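1. give me a 3D structure for the following:
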Amino acid sequence: QLHLMESGGGLVQPGGSLRLSCVASGFNFDWYAIGWFRQAPGKEREAVACISSTGHMVEYVDSVKGRFTISRDNSKNTVYLRMSSLKPEDTAVYYCAAEETVLAGLYSEEYAYWGQGTQVTVSS
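-> Numbers count the residues shown, from 1 in each chain. Alright, predicted model coming up:
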């Protein structure tokens, strides 16, 4: 059974950093593109970043470019989201998602499998 679990969220001050992890199990991780999405209270879910199955291609939404870095270690079945220069508007529940394809892009409709999410709160 395919399973995704996020971790690494927490409370951080503006300007701080966090690294989120998404650990996968129950499927051939090398075949799956992974995306990170987030949803703030009262707002729609939005894309953050995505990475191809091999890790060679990445995409970011404009609001996080230069601040967030997505990467993956297929030997550990893990995708990371390194977040720096965090802002209060980055506060949200962050989700990882998987789709069996090379690159699924930044549209949530493209992803079939989702984790439960991890809360990130940026506040002083």
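
2. do a quick rundown of the strands in the chain.
-> Shown for the chain, the strands assigned by DSSP state E span residues 3-7, 10-12, 18-25, 33-39, 46-51, 58-60, 68-73, 78-83, 92-99, 113-114, 118-122.

3. could those strands be laid out in JSON lines, adding mean neighbour count, mean pLDDT and distance to residue 105?
-> In short, each C-beta sits where N, CA and C put it, glycine included. Listed next are those as JSON lines, based on neighbours: other CB atoms under 10 Å; pLDDT from 0 to 100; distance: least, CB to CB, whole Å:
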{"stretch": "strand 3-7", "mean neighbour count": "17", "mean pLDDT": "97", "distance to residue 105": "18"}
{"stretch": "strand 10-12", "mean neighbour count": "14", "mean pLDDT": "98", "distance to residue 105": "28"}
{"stretch": "strand 18-25", "mean neighbour count": "19", "mean pLDDT": "97", "distance to residue 105": "17"}
{"stretch": "strand 33-39", "mean neighbour count": "24", "mean pLDDT": "98", "distance to residue 105": "8"}
{"stretch": "strand 46-51", "mean neighbour count": "22", "mean pLDDT": "98", "distance to residue 105": "6"}
{"stretch": "strand 58-60", "mean neighbour count": "16", "mean pLDDT": "97", "distance to residue 105": "7"}
{"stretch": "strand 68-73", "mean neighbour count": "18", "mean pLDDT": "98", "distance to residue 105": "13"}
{"stretch": "strand 78-83", "mean neighbour count": "22", "mean pLDDT": "98", "distance to residue 105": "15"}
{"stretch": "strand 92-99", "mean neighbour count": "23", "mean pLDDT": "98", "distance to residue 105": "9"}
{"stretch": "strand 113-114", "mean neighbour count": "17", "mean pLDDT": "96", "distance to residue 105": "15"}
{"stretch": "strand 118-122", "mean neighbour count": "18", "mean pLDDT": "98", "distance to residue 105": "22"}
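
4. run a quick neighbour tally on residue 63.
-> Per other CB atoms under 10 Å, the neighbour tally for residue 63 reads 13.

5. how close does it sit to residue 31?
-> Distance, residue 63 to residue 31, using CB to CB, to the nearest Å: 29 Å.
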